[in-house]
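K.L.:
Here is a sequence together with a model predicted from it:
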Amino acid sequence: MKIKTLVTVLTIFFLHGSEKSSPGESSSNRLKTEAQTPSIEEQLKGLKLEEMRFSYPIDIYRFSMNKGYSPIKTMPPEVAVRMAQFLPPKDLAHLAKTSIPMRDVAKLAMTKLEFNNKPIDQINAALDRYAGPQLKTLIIENSDAQKLHWDKIAQCINLQTLFLVNCKLIWSALPQELTALTKLHYLSFAQNNLSAVDNWDILPKSLKGLYVWRCQLTLNELPLRISQLSQLQELDFSNDDLSHVLNWDILPISLKNINLSDCGLTLNQLPEKIIELTQLQQLDLSMNNLSQVQNWNVLPAFLQVLSLDNGQLTLNELPEKIAQLTQLKILTFAQNNLSNVQNWNILPLSLEELYLQQCQLILNELPPRISQLTQLKTLSLFLNNLEQVHNWAILNNLPQFQDLYIQQSGVNHRPNIRQSINVRLQ
């Protein structure tokens, strides 16, 4: 009730200020009316800042600015500073006319810090100045962050994204300050040395994305903490050694994107747990030994991206399960031996990108199924033998088609297809 009343009072206040006095109105009446109108400071007295946060609409602010008023100047400084959190950057300049220290305004406006190839002294100086509850994103890349001020990061209790990528970190344990970041959603320590880390149990349960690719990890099992990350949607262990991992059953069912590319996996069968990941949309198993896999039927039905390139596969036919992936948009079989495959007719009609480069294909014609993939935008066939292909014109039937890659495939001139299609010959 108090909030609704305040909005009404503020609206009346600004509307009242925008009206000009009528010629017949006496100065005494005007003074009497003004005397009856409490000042904005009086109207705000006793209100908690938390209530003010939701009770001072931006539209009232903009209305008053359009009328030439500066409502922030009529506020107590502490209220105006709070107000700064909700103003677009272009409006922050108006605060320079107030008595509020601009460094306080800048701090409230600073919700993201990003550094690429910067010295640690500069990074720490910025953290010393801007670390606080308002900071939502901290990204540090290609910098030496071994002496990072973690005590300042711990003050960023509302931090949602923390990326420390290629920062020359060599850790035997994750920093304990991570436990203070209870609202952290996305965490990346990619391209650092975490080979000795064993305290994965301090990872915040709020995580939605964990990216530890190329971290020199050699794991005998996935960290058990992963099973407790019930909100986890993205998991990236690519370029780490997971060749001895067996406890795939701990993967949380919330996962939507798993990247296990180049993890040294030699799989006789795909982990059975995968079929339980009913929300899984992207699965990358590229650059592993998949030559013995038979249980393709565990692939989740709602996959949108499937990457199996360079999987040491020699296939006489595409896995039948692919026909059931009716939402599949991107399929990558590159650098496998598909020379004997004939059952192209099982390719899902939902495909938008199909990558078959360097698959030892010898084609006299494009598979007729291609002409039915009306959503297809990209087809990659380079480093195959396409010299005898004669039916390129079927690509003209695909309204969305944009890119054709046929480099080093025996095709020396542009196929007779519409000019709007981008063709890579070299």
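P.N.:
Great, that's in hand. Numbers count the residues shown, from 1 in each chain.

K.L.:
contacting residues for the residue lying closest to residue 232 once chain neighbours are set aside?
P.N.:
Leaving out its chain neighbours, the residue that sits closest to residue 232 by Cβ to Cβ, 6 or more residues apart in numbering is residue 252, at 5.1 Å. Quick note: C-beta positions are derived from backbone N, CA and C, even for glycine. Contacts for residue 252 (Cβ atoms under 8 Å, 6 or more residues apart in numbering) come out as 226, 227, 229, 230, 232.

K.L.:
so how far is residue 335 from the second one?
P.N.:
In this view, residue 227 and residue 335 are 33 Å apart by Cβ to Cβ, to the nearest Å.

K.L.:
what's the answer for the last one, then?
P.N.:
Going from residue 232 to residue 335 by Cβ to Cβ gives 30 Å.

K.L.:
okay, these two: which has more neighbours?
P.N.:
Using other Cβ atoms under 10 Å as the criterion, residue 232 and residue 335 rank with residue 232 on top: 24 against 20.

K.L.:
Angles on the backbone of the more buried one, please.
P.N.:
The phi/psi pair for residue 232 (degrees, to the nearest 10) reads phi -60, psi 130.

K.L.:
what's the pLDDT at it?
P.N.:
pLDDT for residue 232: 98.

K.L.:
Verify the contact between it and residue 256 for me.
P.N.:
No - judged on Cβ atoms under 8 Å, residue 232 makes no contact with residue 256 at a distance of 9.1 Å.

K.L.:
Tell me which stretches of the stretch 101-250 of the chain form strands.
P.N.:
For the stretch 101-250 of the chain, the strands defined by DSSP state E, counting those that start in this stretch cover 112-116, 137-141, 161-165, 186-188, 209-211, 234-236.

K.L.:
give me the number of residues near residue 194?
P.N.:
Here the count is done by other Cβ under 10 Å, and residue 194 has 20 residues near it.

K.L.:
State the distance from residue 243 to residue 262.
P.N.:
11 Å.

K.L.:
which stretches of the chain aren't confidently modelled?
P.N.:
Residue ranges of the chain with pLDDT under 70: 1-109.

K.L.:
Look at the residue nearest to residue 426 when sequence neighbours are not counted and tell me its secondary structure.
P.N.:
Nearest residue to residue 426 in three dimensions, chain neighbours excluded: residue 407, at 6.0 Å (Cβ to Cβ, 6+ apart). The local conformation at residue 407, judged by DSSP: H, G, I helix; E, B strand; the rest coil, is coil.

K.L.:
Do I have it right that residue 407 meets residue 380?
P.N.:
No - counting by Cβ under 8 Å, residue 407 does not reach residue 380; the two are 9.4 Å apart.

K.L.:
which stretches of the chain form helices?
P.N.:
For the chain, the helices defined by DSSP state H cover 2-18, 27-36, 40-44, 49-55, 58-66, 77-83, 102-109, 120-130, 150-153.

K.L.:
How about the contacts made by the closest residue to residue 122 other than its chain neighbours?
P.N.:
With Cβ to Cβ, 6+ apart as the criterion, residue 122 has its nearest non-adjacent residue at 7.5 Å, and that residue is residue 115. With contacts defined as Cβ under 8 Å, 6+ apart, residue 115 is in contact with 122, 123, 126, 139, 140, 141, 143.

K.L.:
quick one: which of the residues you listed has the most company?
P.N.:
Most neighbours among these, by other Cβ under 10 Å: residue 140, with 23 neighbours.

K.L.:
For that residue, give its distance to residue 165.
P.N.:
7 Å.

K.L.:
cool, and residue 369?
P.N.:
Using Cβ to Cβ, residue 369 is found at 41 Å from residue 165.

K.L.:
How far away from the center of its chain is stretch 169-183?
P.N.:
Here stretch 169-183 is found 21 Å from its chain centre; the criterion is Cα atoms, centre = their mean, to the nearest Å.

K.L.:
try stretch 297-310
P.N.:
Taking mean C-alpha positions (Cα atoms, centre = their mean), stretch 297-310 and its chain are 21 Å apart.

K.L.:
buried ones in that stretch?
P.N.:
By 16 or more other Cβ atoms under 10 Å, the buried positions in stretch 297-310 come out as 298, 299, 300, 303, 304, 305, 306, 307, 308, 309, 310.

K.L.:
how deep is the closest residue to the first one other than its chain neighbours tucked in, by neighbour count?
P.N.:
If the residues on either side of it in the chain are set aside, residue 298 comes closest to residue 275, at 4.2 Å by Cβ to Cβ, 6+ apart. Other residues near residue 275 number 15, with proximity taken as other Cβ under 10 Å.

K.L.:
Contact partners for residue 275?
P.N.:
Each residue near residue 275 by Cβ under 8 Å, 6+ apart is listed here: 297, 298, 299, 300.

K.L.:
Touching, the second one and residue 272? I think so.
P.N.:
So the one you mean is residue 298. Yes - between residue 298 and residue 272 there is a contact under Cβ under 8 Å: 5.9 Å.

K.L.:
Which strand residues bridge the residue nearest to residue 122?
P.N.:
Going by DSSP bridges, residue 115 is paired in beta bridges with residue 140.

K.L.:
measure it to residue 126 for me?
P.N.:
Taken as Cβ to Cβ, the span from residue 115 to residue 126 is 8 Å.
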